[in-house]
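Peer 1: Generate a structure from the sequence data that follows.
(chains A, B, C and D)
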Protein chains: 2
Amino acid sequence: MAGTKEILKRVSIDLFYKKGYFATSISDIARAAGIQKSSIYYHYATKEDILLDILRSTLADLIVTIERVLETTAGSENRMRQAILAHTLFHLDRQKEVIISDSELRGLRAENYKDIIKMRDEYEHRFQALIKDGMSDHIFQNGDFKIISYAVITMCTAPCWWYRPHGRLDKQAIAGIYTDFIMAGLTGNQRSTGAKSTRKGRR
Amino acid sequence: MAGTKEILKRVSIDLFYKKGYFATSISDIARAAGIQKSSIYYHYATKEDILLDILRSTLADLIVTIERVLETTAGSENRMRQAILAHTLFHLDRQKEVIISDSELRGLRAENYKDIIKMRDEYEHRFQALIKDGMSDHIFQNGDFKIISYAVITMCTAPCWWYRPHGRLDKQAIAGIYTDFIMAGLTGNQRSTGAKSTRKGRR
DNA sequence: GTCTATAGATGGATAGAC
DNA sequence: GTCTATCCATCTATAGAC
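Peer 2: Predicted coordinates for the structure are as follows:
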């Protein structure tokens, strides 16, 4: 446990988050991990491979998280609500990694880029299906479900850019506010004034 | 007109947008502008200065745009609607520059960074005031106006990340969908099903 | 599996001629 | 205001000893 490869991944997440992928050098990573830079190449073939490892595992975890929520929740409105909550909370829990996922895709060469985009599209399709379901059940207002899905996802990804662990609002409160706002936009109904949002089970 | 400095700025916007600030070298810029890299230093002292020039002018234009809208529009609901429309359209019109503004702030050293953040905060305060106004006029649902302002701004900034000039929807249509969605979220009222949003005057 | 040493390319920036 | 030439730091990655 805590093998060198895991340490390298962890310090890379920190550095890519703080300085950005391009501004982070192999030397920076080696220094942070307490080894020589040449030793990194025993674990990762290139710097890009470190980035790829971070992006893949983050996206995979995100997809698993949403899958679990959808497996245990019924009703198009409730499914959407729980999915948004889960998405927002994941982005607050895994702040550094999702920010890297959002901003460092340019560090990938074409083949790896395509791979990651495919995973991301797979995830987004789940939200598009949820919105479509809500519309055909006449619970959500009709509209361009693809555009709306982008809007919803972007919006609920955003708090990870400004959230600070000891700030005025905790993760649950932020996720609640966002979910209420989105659900109001989707249904066209009054928002519940308090953001206490009954969540089920997980976490 | 079309002086070298303007050309340098224009090709830098293209390159920073396409490859990112760090991945773009002074040589890249020189090649794109058709001059030698040393000639760049007659116009800009450092690479960072090019970035700063782009960020400053983009933010300044954005602030002027929103000011003009607010000067000529009355009523808290209508002011908010027009502000959102203007914000969204600006982000679609100036796609490359706003994407740079959103993603390349890490290229700035502390003093320049503070400068730009101050301008950005100034802009965001206008939206916070609009939301506060709408809440005290009981036209918008009560809520955390600061959080809501972040949500609104992020959401209406997002289309610039996926908009393509000859895509399925034109700028006006996209801006309409987003504005309707946001206004529904703010007021808690039914959205107008069509997104034809009566806009006034400008552009 | 980690080290020392270094290759080889490229980065931003400067000097000085024209 | 643009050029050629070059400095020097830093970058990713490799070679080979232990």
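Peer 1: mind listing what the closest residue to A:I100 other than its chain neighbours touches?
Peer 2: Nearest residue to A:I100, sequence neighbours excluded (C-beta to C-beta, 6 or more residues apart in numbering or on different chains): A:F16, at 4.9 Å. For every residue, glycine as well, the C-beta is placed using N, CA and C. A:F16 makes contact with A:T24, A:L51, A:I54, A:K96, A:I100, A:E104, according to C-beta atoms under 8 Å, 6 or more residues apart in numbering or on different chains.
Peer 1: From those residues, pick the one nearest B:K37.
Peer 2: A:T24 (24.6 Å; C-beta to C-beta).
Peer 1: tally of neighbours for the closest residue to the closest one other than its chain neighbours?
Peer 2: Excluding the flanking residues, the one nearest A:T24 by C-beta to C-beta, 6+ apart is A:L15, at 4.4 Å. Around A:L15 there are 22 other residues, counting by other C-beta atoms under 10 Å in any protein chain shown.
Peer 1: need the contact list for A:L15.
Peer 2: For A:L15, the contact set (C-beta under 8 Å, 6+ apart) comprises A:T24, A:D28, A:I29, A:A32.
Peer 1: hang on, the earlier thing: let's have the contacts of A:F16 in CSV, adding distance to A:V64 and pLDDT.
Peer 2: Formatted as CSV, those follow (distance: C-beta to C-beta, whole Å; pLDDT from 0 to 100):
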residue, distance to A:V64, pLDDT
A:T24, 28, 98
A:L51, 21, 98
A:I54, 16, 98
A:K96, 19, 98
A:I100, 19, 98
A:E104, 22, 96
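Peer 1: can you give me the strands in chain A?
Peer 2: In chain A, no strands are defined using DSSP state E.
Peer 1: What's the biggest helix in chain A, counting residues?
Peer 2: What stands out as the longest helix in chain A, according to DSSP state H, is helix A:110-136.
Peer 1: Would you map out the domains in chain A?
Peer 2: Here the domain parsing of chain A from automatic domain parsing is A:1-45, A:47-187.
Peer 1: Ok, which of those comes nearest B:K5?
Peer 2: domain A:1-45 (25.6 Å).
Peer 1: how far is that closest one from where the chain is centred?
Peer 2: 22 Å (C-alpha atoms, centre = their mean, to the nearest Å).
Peer 1: got it, and stretch A:152-165?
Peer 2: Here stretch A:152-165 shows a centroid-to-chain-centroid distance of 9 Å under the convention C-alpha atoms, centre = their mean.
Peer 1: Now do the helices in chain A.
Peer 2: Under DSSP H, chain A gives helices at A:4-19, A:26-33, A:37-43, A:47-71, A:76-93, A:95-103, A:110-136, A:145-157, A:159-162, A:171-187.
Peer 1: where does chain A dip in pLDDT?
Peer 2: For chain A, the stretches with pLDDT under 70 are A:1-2, A:189-203.
Peer 1: before we move on, back to that, let me have the contacts of A:L15 in JSON lines, extended by distance to A:F140 and neighbour count.
Peer 2: Output for those, formatted as JSON lines (distance: C-beta to C-beta, whole Å; neighbours: other C-beta atoms under 10 Å in any protein chain shown):
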{"residue": "A:T24", "distance to A:F140": "42", "neighbour count": "24"}
{"residue": "A:D28", "distance to A:F140": "47", "neighbour count": "17"}
{"residue": "A:I29", "distance to A:F140": "45", "neighbour count": "23"}
{"residue": "A:A32", "distance to A:F140": "46", "neighbour count": "16"}
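Peer 1: residues near A:I139, how many?
Peer 2: Quick note: A:I139 (other C-beta under 10 Å) scores 17 neighbours.
Peer 1: ok, it to A:M183 distance?
Peer 2: According to C-beta to C-beta, to the nearest Å, A:I139 stands 10 Å off from A:M183.
Peer 1: which residues do those two both contact?
Peer 2: Common neighbours of A:I139 and A:M183 (C-beta under 8 Å, 6+ apart) are A:E77.
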